[in-house]
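In: Just a sequence and a predicted model for now, questions to come.
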Amino acid sequence: MKKNIFNLIIILISLAVPFVVVFSTQSFGNFLQQISKLDARWIILSLAFMFLYWFFESLSLHVISVFHGIKEKISHSFSYTMVGQFFNSITPFQTGGQPAQVVYMMKNGINSGNASSIVMIKFVAFQSVLTIYSLVVILFTYKDFSAKVPFLFPFTVLGLGVHASMIGISMLFSYNRTLTERILKFIFKTLKKIKIFKGDEVEAEKNLENSLSKFHDNAYLLKKNPKLLIKLFILTMIQLSFFFSIPYLIYRGFGGGSSSYFELFAAAVFIATVISIIPLPGAAGGAEISSYTFFHFFFEGNAVFTAMLLWRIITFYSCIGFGGLFTVVCPNKSKKVVKEKE
């Protein structure tokens, strides 16, 4: 109970931080005045880009599901995407999304081995493309930003290191069958000892072994299917391009200026890289500091704080709002609506 209360407090603080920052630097009247002068077309376009970010993630999940011989509507994949967005937004280091997606897939009739494999493949593909994408952009723009941003090098290296370590751990679980079995069996035995697990132990262990077998068989098949990897690479590149374009669209909403699309795009990549090392839900505090650090080069005066809040609403609060809606609705519609290849 105490842990749940603590987690709730952390989430509420994460939600409140951007508003506290904005309204501690300007009056509410000044904020409304800035909002009234925005070009709504660019803000609507930025919201559309966020939707496309979600949509292309769901396309990736759908492509992987088809690879696993699962027949389902793309609307189901979109639901899994939004569930993942919600739980990623409210958990430290965005670690809650993948387990939640597995649970919701299983509720829709996908076995645990296939569900785990789908989510793991998507996660590895996303992290791999994000790391490569970020590395390329940073190599081309680091010199320009390093002269303006103190301590950029260590934060950038740490951020890229977090991405790389996530890929390494995921690959280890995907292809090292023995290690995965040992870790999961250890967790299973621990749950039994502390009496969290209830049910038929023999049947549960058998299901665990079957799921592990299917999970690793799918991982092996993936290595033999480069076409799928290419598809995922392209879809994830497009997905991230929409996301990293949002600051530029907000910039144009404020009237724009002399800064180019690529400058704002690069700033978004740096922000995403730096905040990946912040453990709090939504990278609370770190997201505001890093976005201010980069945005103030492009927005004048208090407009930088308003732009920061808009960016957080579009890229963070929308995930909680819409993702929360899907999280509530999905269980009520969860029936065995998918077909799996034997």
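Out: That came through fine.
In: for Ala266, what are its contacts?
Out: 137-138, 140-141, 144-145 (Cβ atoms under 8 Å, 6 or more residues apart in numbering). Backbone N, C-alpha and C define where each C-beta goes, glycine included.
In: Locate it within the secondary structure: which element?
Out: In this structure, Ala266 is located in helix 261-275 according to DSSP states H and E.
In: Now do the strands in the chain.
Out: In the chain, the segments counted as strands under DSSP state E are 70-71, 339-340.
In: For the ones you listed, which has the smallest mean pLDDT value?
Out: The minimum mean pLDDT among these belongs to strand 339-340 (a mean of 60).
In: what's the distance between Ser258 and Glu300?
Out: Counting by Cβ to Cβ, to the nearest Å, the separation of Ser258 from Glu300 is 12 Å.
In: Ile64 and Leu229 touch, don't they?
Out: No. Under the criterion of Cβ atoms under 8 Å, Ile64 makes no contact with Leu229, lying 10.6 Å away.
In: Mind checking which of these two has more residues around it?
Out: Ile64 (24 against 15; other Cβ atoms under 10 Å).
In: Pull out the buried positions in the helix holding Ala266.
Out: 263-275 (16 or more other Cβ atoms under 10 Å).
In: what about the helices in this protein?
Out: With helices called from DSSP state H, the chain shows them at 2-23, 28-36, 40-67, 74-89, 97-107, 112-146, 152-175, 177-193, 201-223, 226-253, 261-275, 286-295, 303-312, 318-333.
In: In the fifth one, which residues are buried?
Out: Applying a neighbour-count criterion of 16+ other Cβ under 10 Å, the buried positions in helix 97-107 are 97-98, 100-102, 104-107.
In: Closest to Thr25 out of those residues?
Out: Gly97 (31.9 Å; Cβ to Cβ).
In: Could you pull up the contacting residues of that closest one?
Out: Counting by Cβ under 8 Å, 6+ apart, Gly97 touches 83-88, 91.
In: out of those residues, which is most surrounded?
Out: Busiest of those [other Cβ under 10 Å] is Gly84, holding 30 neighbours.
In: Against Val83, how distant is the closest residue to that one other than its chain neighbours?
Out: The shortest distance from Gly84 to any non-neighbouring residue, by Cβ to Cβ, 6 or more residues apart in numbering, is to Gly97 (3.6 Å). Distance, Gly97 to Val83, using Cβ to Cβ: 8 Å.
In: Lovely, talk soon.
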